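S.K.: Structure for the following, please:
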Amino acid sequence: MNNPLFVKVKEIVTQWIKDKEENFKYVMIETIENTEDRLYVILNFGECMAAIVVAEPDFAPYRFVSFEAGAIVNGIHKIVHTWYDEEGTTIEEIIKNLNNAINVVLEYNNRIC
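M.R.: As a prediction, the model looks like this:
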């Protein structure tokens, strides 16, 4: 059985992604996995790609939520933005940081287009 806080975080992030799908028609959002134990979503911004993972990992740099974005510029992989929640991160902070992460990636994507 999953941790009740994990279940709540996964529900909130799933809804946040659905809201983004409605608002960002030009960002391709693909759910790779959505099971009881894990949510894995890829966001394609054109020049950048990002992955959002919500899981209860055995070993990872995050508690439940991972956001990693990258781009290939002149044949070289570039990390655009990363964010990981940690013990004590609130749901409000998770949403705030996911919104910030999306904004960072959108700004970067617009600069290199």
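S.K.: use CA for all of it now, contacts and neighbours both
M.R.: Will do.
S.K.: contacting residues around the most centrally placed residue in the chain?
M.R.: For the chain, the residue lying nearest the average C-alpha position, counting by CA atoms, centre = their mean, turns out to be I52 (2.9 Å). Under the criterion of CA atoms under 8 Å, 6 or more residues apart in numbering, the contact list for I52 reads 39-42, 65-68.
S.K.: how close does it get to N74?
M.R.: Distance check for I52 against N74: by CA to CA, to the nearest Å, it reads 25 Å.
S.K.: on that earlier part again, show only the entries of the contacts of I52 found in helices.
M.R.: Taking DSSP state H as the definition of helices, the contacts of I52 contribute nothing to them.
S.K.: Reformat the residues you listed as JSON lines; add pLDDT.
M.R.: Below are the contacts of I52 laid out as JSON lines (pLDDT from 0 to 100):
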{"residue": "L39", "pLDDT": "97"}
{"residue": "Y40", "pLDDT": "98"}
{"residue": "V41", "pLDDT": "98"}
{"residue": "I42", "pLDDT": "97"}
{"residue": "V65", "pLDDT": "98"}
{"residue": "S66", "pLDDT": "97"}
{"residue": "F67", "pLDDT": "98"}
{"residue": "E68", "pLDDT": "97"}
